[in-house]
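In: Provided below for reference: sequence and predicted model.
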Amino acid sequence: MPQNIKTSEIITDLKTKLQPIGEAYTESGCEMQLSTSEKEFLKKQIVPRLFEKDVNDYMIMRIYEIKNRQQKQDFSPQRNIDQEIKDLIPIWEDRIRCATNKDIAVILETIASTLSCDVPNDAGLQQYFRILVKYPAIFLEECAYHFIETTRYRKLPLPSEFISFMELKSSTHMKWVQNIKTIYEQLERKINV
């Protein structure tokens, strides 16, 4: 007499693809997950948009090498590319400099005149200046173009609308530059020891 054997099964789909770690847009540093190979890691490096024209694959590989191979015997601490990247860091920092009140005023006036809406009084403008001054001027310009293209009603966007458009881009660019700066400061310490 045949017996029906019942086995317990896990109720999950075993073929479900696991989500990769470290591929989010905001994770643009040079940290390597233990399970990724060097080649995969280098493919995942997302250079922020403002720096793409300056950075090539060789620079990304050099940044990776400094970050992860400094303690190895075959690591060479001085190369021409190191000086090139160190010279680019101040340029990158200047590109993401914080906006001035004049930059913000020009952006608000551009949006207001294009959309035919009113600019706030002095007290309202001071609030815009206070809130938006910590963001890079270049992203404020992008924000203005975005609002001019997409706004349906004649109203000046609120500071929160500016922030929601710029926050991710701004923080990604700033973290990337800070990460590269830290890597090269560590390299300087190693060379000078």
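Out: Here it is on my side, so go on.
In: correct me, but residue 140 touches residue 163?
Out: No: shown here, residue 140 and residue 163 do not form a contact pair, counting by C-beta atoms under 8 Å, at 10.9 Å. Quick note: C-beta positions are derived from backbone N, CA and C, even for glycine.
In: neighbour count winner among those two?
Out: The residue with more neighbours, out of residue 140 and residue 163, is residue 140; 22 against 15, by other C-beta atoms under 10 Å.
In: quick check: neighbours shared by residue 140 and residue 163?
Out: Among the neighbours of residue 140, those also in contact with residue 163 (C-beta atoms under 8 Å, 6 or more residues apart in numbering) are residue 132.
In: how about low-confidence regions in the chain?
Out: Where the chain drops to pLDDT under 70, the residues are 1-45, 77, 192-193.
In: apply 80 and report the result again.
Out: The chain contains residues with pLDDT under 80 at 1-46, 57-58, 62, 65, 67-80, 188-193.
In: state which helix of it is the longest.
Out: helix 159-192 (DSSP state H).
In: which residues does stretch 46-55 contact?
Out: Here stretch 46-55 has contacts from 25, 28, 60, 88, 91-92, 95-96, 138, 169, 172-173, 176-177, using C-beta under 8 Å, 6+ apart.
In: same check, this time on stretch 156-166
Out: 108, 111-112, 115, 117-120, 127-128, 131-132, 135-136, 139-140, 142-143, 146-147, 151.
In: just the buried members of the residues you listed?
Out: 108, 111-112, 115, 128, 132, 135-136, 139-140, 142-143, 146-147, 151 (16 or more other C-beta atoms under 10 Å).
In: can you pick out the most distant pair from those residues?
Out: 115 and 136 (22.9 Å; C-beta to C-beta).
In: in the longest helix of the chain, what's buried?
Out: By neighbour count with 16+ other C-beta under 10 Å, helix 159-192 contains the buried residues 159, 162, 165-166, 169-170, 172-174, 176-177, 179-181, 183-184, 187.
In: ditto for stretch 60-75
Out: For stretch 60-75, by 16+ other C-beta under 10 Å, it's 60, 62, 63, 64, 65, 66, 67, 68.
In: show me the contacts for the second one.
Out: Put plainly, it is residue 62. Residue 62 makes contacts with 79, 81, 82, 85, as judged by C-beta under 8 Å, 6+ apart.
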